[in-house]
Every structure is written in C-alpha cells, then in structure tokens.
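J.: predicted model and sequence below, questions to follow.
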Amino acid sequence: MPLHSLADIDADDALRTRIGAIATRSNYDIDIALIERLPSLRIIATSGVGFDRIPVDFARERGIVVTNTPDLLNAAVAELTIGLILALLRQLPLADRFVRQGAWSRGAFPLGSSLAGKRVGIVGMGRIGKEIARRLDQFGVQISYFGRTRQTLPFEWFATPVELARWSDIVIASCPGGSATRHLIDAAVLDALGSKGLLVNIARGSVVDEAALVAALESRAIGGAVLDVFEYEPLDAASPLRTFDQVVLAPHIGSATHETHLAMARLTADNIVSFLTTGKALTPV
C-alpha cells in the first residue's frame with residue numbers, strides 16, 4: 001500500500017484520483033474541499049477520539065467511513081487531568097520557579113490547597129469522563145456530572161452546566177467538541193463556579209468561551225484554570241492566558257505518551273487495512 005502526504009496531491013494531480021484512504025490526527029482539519037478532490041476516497045481514519053474536525057455527515061453521504069481510536073487514550077488523559085489539577089492546587093509551576101530563582105532561602109513558599117474533600121463536577125460523562133471519575137474517586141472527592149442524559153452511575157446528575165458549576169469546587173470539561181458543545185462553558189457557568197472555583201478543560205478548546213474565561217480570570221470571578229486545549233492552537237504568544245499565575249497551561253498533550261500514541265497509530269492503521277481488505281472498519285464513528 002503506497003503512502004503519500006497530502007502535499008503530494010498538489011504536485012501530482014493524477015495522484016488525487018487514486019487516494020483511497022486518509023490517516024490523520026484529531027487536531028488536523030479534513031475539510032469538504034479536500035474530500036471533494038479525492039473521488040476514490042473510501043475511509044478517513046483519525047488517530048484520537050475526537051472527530052469534530054472531519055465533516056462526518058458529508059463523508060457518510062459520499063459513502064466514506066470515518067474511524068477514530070476510542071478507549072486507548074482514556075488512561076493517559078485521566079492521568080494528565082489529575083496531574084494538572086494537583087499542579088494548580090499545590091501551585092507546582094510557581095513552586096518550581098520559587099526554587100529555581102533562589103527565593104527559598106528568603107522564606108517559605110505559600111500554602112496550597114488539598115484535593116481531598118473537593119466537589120468535582122464533570123461536564124461530559126463519556127469514556128474519558130468515567131475514567132477521570134474512577135481515578136478521582138480515590139482522592140476522597142465528591143463527584144457529580146452533567147450530560148445530555150442521566151446515566152446509571154453512583155454520582156449525582158445535574159440538568160445544566162450552570163447547576164453543576166454552582167455545586168462544584170472544580171469543573172472538568174471532558175465532552176466532545178463540535179457545534180453542539182461550542183461555548184458550553186460560558187460566562188454564566190463561570191459565574192456560577194464562583195471566586196474559589198477552578199475550571200479544567202481537557203476536552204476541546206471550543207467547549208470554553210475563552211473570552212469569557214479571560215474576563216473571569218482578570219476579575220477574579222473564578223479562582224483559576226487548567227487548560228490543555230484552546231480555541232485556537234497553538235496558543236498565541238500574545239494571549240492573556242499566559243499571564244495568569246492562577247492558570248496552568250499545557251500544549252494539548254492529553255494523550256501524549258509513547259505508549260498511547262503507539263497504540264493509537266496501530267489502531268489507525270488496522271482500521272484502514274481492515275476496511276480496505278474486508279469492507280469493515282474496526283472502530284467506525
């Protein structure tokens with residue numbers, strides 16, 4: 001099976017008529033214009049759980065199968081989520097800077113906060129949300145969630161993100177991206193979270209109204225934030241989010257472990273091979 005980069009079709013127009021499969025990642029755009037240029041395309045296999053950057057409905061209309069790599073990254077994302085929450089609560093980035101800059105010799109570092117006893121609200125109780133909840137449960141927190149439907153879970157369900165935020169000390173966004181969840185975390189949710197509340201986004205940047213978040217941080221309407229994803233990536237060097245000490249930032253690395261990426265790459269390839277040889281994909285969306 002010959003491999004090509006998408007740039008190759010610009011240099012060789014005849015090649016585009018022979019492309020039968022695309023292997024991509026969930027942070028790259030596969031748009032309608034590209035699909036229309038590939039008349040032989042039969043499958044788009046994305047490495048990652050999100051597929052909001054692929055026009056899935058349009059692809060289906062053309063008989064094109066779209067696949068993702070569910071479950072493989074759940075543990076990695078959950079681990080990072082908890083690590084980043086602890087980093088914010090215990091001020092680890094500031095503590096690291098405190099030692100490196102020689103400030104320790106001049107006095108003690110300020111006290112942080114404990115995770116134990118906190119109320120944690122999860123927006124989106126899918127596979128990743130459940131994995132986060134399972135691991136957080138060991139820290140002695142109270143867990144509740146918001147989702148479109150109530151599930152049979154040992155956690156309280158809230159009907160709206162605002163109600164969940166009003167109950168929570170920490171709100172974690174772990175829902176899919178796309179138009180249905182765009183700015184689901186808005187000014188009203190942040191206001192309900194309150195001046196001591198923390199927002200965590202490991203979902204998609206589009207889920208959080210970033211302008212409202214900046215305003216809430218500037219006015220201290222919320223206590224802080226943990227962000228692994230952003231509305232526009234990479235984060236602009238001039239973004240005000242880079243200026244807040246009460247914010248911990250990561251460069252979209254939720255699934256970024258060697259083990260996870262190897263497993264995702266294998267499943268992406270296996271989806272393509274399975275579909276092209278048997279007509280059935282392993283993990284269609």
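T.: Nice, thanks for sending it over.
J.: longest helix anywhere in the chain?
T.: Identified as the longest helix of the chain according to DSSP state H is helix 258-278.
J.: in that helix, what's buried?
T.: Residues of helix 258-278 classed as buried: 260-261, 263-264, 267-268, 270-272, 274-275 (neighbour count, 16 or more other C-beta atoms under 10 Å). The way it works is simple: take the backbone N, C-alpha and C, and place the C-beta from them, glycine included.
J.: grab the nearest non-local neighbour of Ala269.
T.: Ala23 (7.1 Å; C-beta to C-beta, 6 or more residues apart in numbering).
J.: report pLDDT for that neighbour.
T.: Reported pLDDT at Ala23 in the predicted model: 97.
J.: next one: Glu210
T.: Per the predicted model, pLDDT is 98 at Glu210.
J.: measure it to Gly107 for me?
T.: 36 Å (C-beta to C-beta, to the nearest Å).
J.: among these two, which residue is more densely surrounded?
T.: Glu210 (20 against 8; other C-beta atoms under 10 Å).
J.: please name the residues that touch that one.
T.: Contact analysis of Glu210 by C-beta atoms under 8 Å, 6 or more residues apart in numbering lists 230-231, 241.
J.: which residue ranges make up the domains of the chain?
T.: Using the TED database, the domain parsing of the chain gives 6-71+258-278, 73-249.
J.: Throw these into TSV and include distance to Pro284, thanks.
T.: TSV is the format used below for the domains of the chain (distance: least, C-beta to C-beta, whole Å):
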stretch	distance to Pro284
domain 6-71+258-278	5
domain 73-249	16
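J.: ok, which of these comes nearest Val285?
T.: Set against Val285 and scored by C-beta to C-beta, those come closest in domain 6-71+258-278, at 5.0 Å.
J.: from the centroid of this structure, which residue is nearest?
T.: Ala203 (2.7 Å; C-alpha atoms, centre = their mean).
J.: the residue nearest to that one when sequence neighbours are not counted: neighbour count?
T.: Excluding its sequence neighbours, the residue lying closest to Ala203 (C-beta to C-beta, 6+ apart) is Ala173, at 4.3 Å. Neighbour count of Ala173, defined by other C-beta under 10 Å: 26.
J.: what segments of the protein are helices?
T.: With DSSP H as the criterion, the chain has helices spanning 8-11, 32-36, 56-61, 74-89, 92-100, 127-136, 161-167, 187-193, 210-218, 258-278.
J.: of these, which approaches Gly224 most closely?
T.: Per C-beta to C-beta, nearest to Gly224 of the helices of the chain: helix 74-89, 5.5 Å.
J.: for that closest one, which outside residues touch it?
T.: Against helix 74-89 from outside (C-beta under 8 Å, 6+ apart): 92-93, 112-115, 127-128, 131-132, 134-136, 139, 170, 172, 174, 198, 200, 202, 224-226, 228, 246-248, 250, 253-257, 259-260.
J.: buried ones only from the residues you listed, please, as a ChimeraX command.
T.: A single ChimeraX command is used to select the members of the contacts of helix 74-89 judged buried by 16+ other C-beta under 10 Å:
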select :113,115,127,128,131,132,136,139,170,172,174,198,200,202,224,225,226,228,247,248,250,254,255,257,260
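J.: contacting residues for Asp228?
T.: 80, 84, 201-202, 249-254.
J.: ok, Ala133 next?
T.: So Ala133 contacts 122, 125, 143, 145, 155 (C-beta under 8 Å, 6+ apart).
J.: kindly recompute the last result at 10 Å.
T.: Residues near Ala133 by C-beta atoms under 10 Å, 6 or more residues apart in numbering: 78, 120, 122, 125, 141, 143-145, 153-155, 172, 174.
J.: so where's the stretch 1-150 of the chain uncertain?
T.: 1 (pLDDT under 70).
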